[in-house]
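Enquirer: Have a look; sequence and predicted model below, questions after that.
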Amino acid sequence: MSDNTNNREKLSSRLGFLLLSAGCAVGLGNVWRFPFITGRYGGALFVLIYLVFLVIFGIPVMAMEFSVGRASGKSAARSFHVLEKPDSKWHLFSWAAMAGNYILMMFYTTVSGWMIAYMVKVAKGDFTGLDTDQVEGIFGAFVSSPIQMVGWMIVVCILGFGICAGGLVNSVEKVAKVMMLGLYAIIIILVIRVVTLPGAAAGLEFYLKPNLNAIKEHGLFTVLFAAMGQAFFTLSLGVGSMAIFGSYIGKEKRLGGEAITVTILDTSAAFLAGLVVLPACAAFGLSYKAGPGLIFMTLPNVFNSMAGGRIWGTLFFLFMTFAAMSTVVAVFENIVAFAMDITGCSRRKSVFTNFFVLVILSLPCALGFNLLSGFTFMGGILDLEDFILSNNLLPLGALCYALFCVSKMGWGFDNFIKEANTGSGIIFPAKLKYYFVWGLPVLLIAFYIFGYVQSVGVNALQWVLILGIIVFIYFDKFYNKSKNS
């Protein structure tokens, strides 16, 4: 295999790689979804299960994406072309990977615009003195305005692609460092303030002391798969979003250790966000299960009730903006690299073209709350786009990376483990080969199926039967074919 990395842009430091990778992972799934999903499914017990799935599920797939990116020296648009065996078809997945990144940004740019808009609104004092109904009214008026929704979405695209236009090292890497370090500094300040509020102790107990109430309420399998889903989505795995950063680094460090470090950075941001939101709910008598609207329709009331609330609220939404924009910049960099790898065009040309493409593609979601609100299939445009990505492209993409790295039909386990363990640092455990070949694919397939049957309701015995069928099919159709190839 020829060396495809000689002319590849490189990040200037390991810190830049870690913070940029963590920035892609640390997003609204951490700081927006994690607190309310934790509140819904039982607090501390849910967190413990979530951490287990990060170890057995998230870290291996992340190491695989990093390895494919570094070995190929390409983005997902061309990495499989470089590493696959002649006449194989793994490269067809590159189209799904590219589509996944575009679909993510088609709705993520709109929600990121909400964060920036709310930071401005809180800083201006738009919520000062308002009651709960009035705060909810501001959010309703905001999403009902096509001009505001499209305007803030375009602001996000301008900022994101503007940073990418400045170059990998001189702009993307430097901005990622500032945003991520600023994100952690702000959230630590907020944690210190919130946990000292009167009544916050009850929220801390709920968050840090395990209990079985959630299992009694929702059932064990529902809690397990909710934690599994959060662990999977929070790391942005499945569409090559991590592989791109593997292509930007050298061979100095083993990739298992790098995957662990990025996972720790990602998880710490989510955990700290929970230390802000859940104790605040307890301090002000709010429900832990308030759901997605907690950030926009509930927390402004919390800040109104705090001394210096306008300052604390501005800091909170600045934190949310950093979290959102760190992901936007990282995924935009992936999108920019796609065009550069496929066509050989310059960075500036790719940025210019993709800016207009993303603005146009993001319009349906931005208008889905107002002019296109009549479109209600699967809950609306945002929900439909999220379903296509989260319930389909991400789990199937992660399965593709896993099978590519462990199967003789693909890149092969020996090639993967050699790449992952090149350099210094923590060794990726080759002794767990049978888990990577068997357990990981089966978990991914089970998770994908569960996304469709969850609403129907499946009991424990039925799940045993489903998993048994999956194992049999996997062994009979895939593993034997791989063994004989």
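Expert: Yes, it's here. Residues are numbered from 1 along each chain as shown.

Enquirer: pLDDT wise, what is residue 473 at?
Expert: Residue 473 carries a pLDDT score of 65 in this model.

Enquirer: and what of residue 233?
Expert: Reported pLDDT for residue 233: 74.

Enquirer: for it, helix, strand, or coil?
Expert: With DSSP: H, G, I helix; E, B strand; the rest coil as the basis, residue 233 sits in helix.

Enquirer: ok, the nearest residue to it once chain neighbours are set aside - contacts?
Expert: Nearest non-adjacent residue to residue 233, counting by CB to CB, 6 or more residues apart in numbering: residue 29, 5.3 Å away. Backbone N, C-alpha and C define where each C-beta goes, glycine included. Contact partners of residue 29, counting by CB atoms under 8 Å, 6 or more residues apart in numbering, are 230, 233-234, 236.

Enquirer: just curious, which of these is nearest to residue 85?
Expert: Distance to residue 85 across the contacts of residue 29 (CB to CB) is lowest for residue 236, with 27.8 Å.

Enquirer: Need phi/psi at residue 424.
Expert: Dihedral pair for residue 424: phi -110, psi 160, per degrees, to the nearest 10.

Enquirer: Would you check that it makes contact with residue 253?
Expert: Yes: checked against CB atoms under 8 Å, the pair residue 424 and residue 253 is within contact range at 6.3 Å.

Enquirer: The two: who's more crowded?
Expert: residue 253 (20 against 10; other CB atoms under 10 Å).

Enquirer: which residues touch the more buried one?
Expert: By CB under 8 Å, 6+ apart, the neighbours of residue 253 are 14, 423-425.

Enquirer: Of those residues, select the buried ones using a PyMOL command.
Expert: Of the contacts of residue 253, the buried ones go into a single PyMOL selection, burial set by 16 or more other CB atoms under 10 Å:
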select buried, resi 423
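
Enquirer: Would you format the contacts of residue 253 as JSON lines with pLDDT included?
Expert: What follows is the contacts of residue 253, written out as JSON lines (pLDDT from 0 to 100):
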{"residue": "14", "pLDDT": "91"}
{"residue": "423", "pLDDT": "95"}
{"residue": "424", "pLDDT": "95"}
{"residue": "425", "pLDDT": "94"}
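
Enquirer: Dump the contacts of residue 253 into JSON lines; add secondary structure and distance to residue 109 as well.
Expert: Shown next, in JSON lines, are the contacts of residue 253 (DSSP: H, G, I helix; E, B strand; the rest coil; distance: CB to CB, whole Å):
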{"residue": "14", "secondary structure": "helix", "distance to residue 109": "30"}
{"residue": "423", "secondary structure": "coil", "distance to residue 109": "36"}
{"residue": "424", "secondary structure": "strand", "distance to residue 109": "39"}
{"residue": "425", "secondary structure": "coil", "distance to residue 109": "35"}
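
Enquirer: of the contacts of residue 253, closest to residue 214?
Expert: Checking the contacts of residue 253 against residue 214 with CB to CB, the nearest one is residue 425 at 36.9 Å.

Enquirer: Quick one: name whatever helix or strand follows the top helix by length along the chain.
Expert: Ordering each helix of the chain by length in residues (DSSP state H) puts helix 309-343 first. Downstream of helix 309-343, the next assigned helix or strand under DSSP states H and E is helix 347-367.

Enquirer: Next, the angle from that following helix to helix 309-343.
Expert: Using axes from the mean of the first three to the mean of the last three CA atoms, to 10 degrees, the direction of helix 347-367 lies 130 degrees away from that of helix 309-343.

Enquirer: what's helix 347-367 packed up against?
Expert: If you count contacts as 3 or more CB pairs under 8 Å, 6 or more residues apart in numbering; DSSP states H and E, helix 347-367 packs onto helix 93-124, helix 146-165, helix 309-343, helix 381-388.

Enquirer: List the buried residues for the longest one?
Expert: Within helix 309-343, the residues that qualify as buried are 309-310, 312-341, counting by 16+ other CB under 10 Å.

Enquirer: Hmm, residue 190 and residue 316 touching each other?
Expert: Yes: counting by CB under 8 Å, residue 190 is a contact partner of residue 316 at 6.0 Å.

Enquirer: Identify the contacts common to these two.
Expert: Contacts common to residue 316 and residue 190, judged by CB under 8 Å, 6+ apart, are residue 276.

Enquirer: which element is the nearest residue to residue 43 once chain neighbours are set aside on?
Expert: Of all residues not flanking residue 43 in the chain, residue 206 sits nearest, at 4.3 Å (CB to CB, 6+ apart). With elements taken from DSSP H and E, the one containing residue 206 is helix 200-208.
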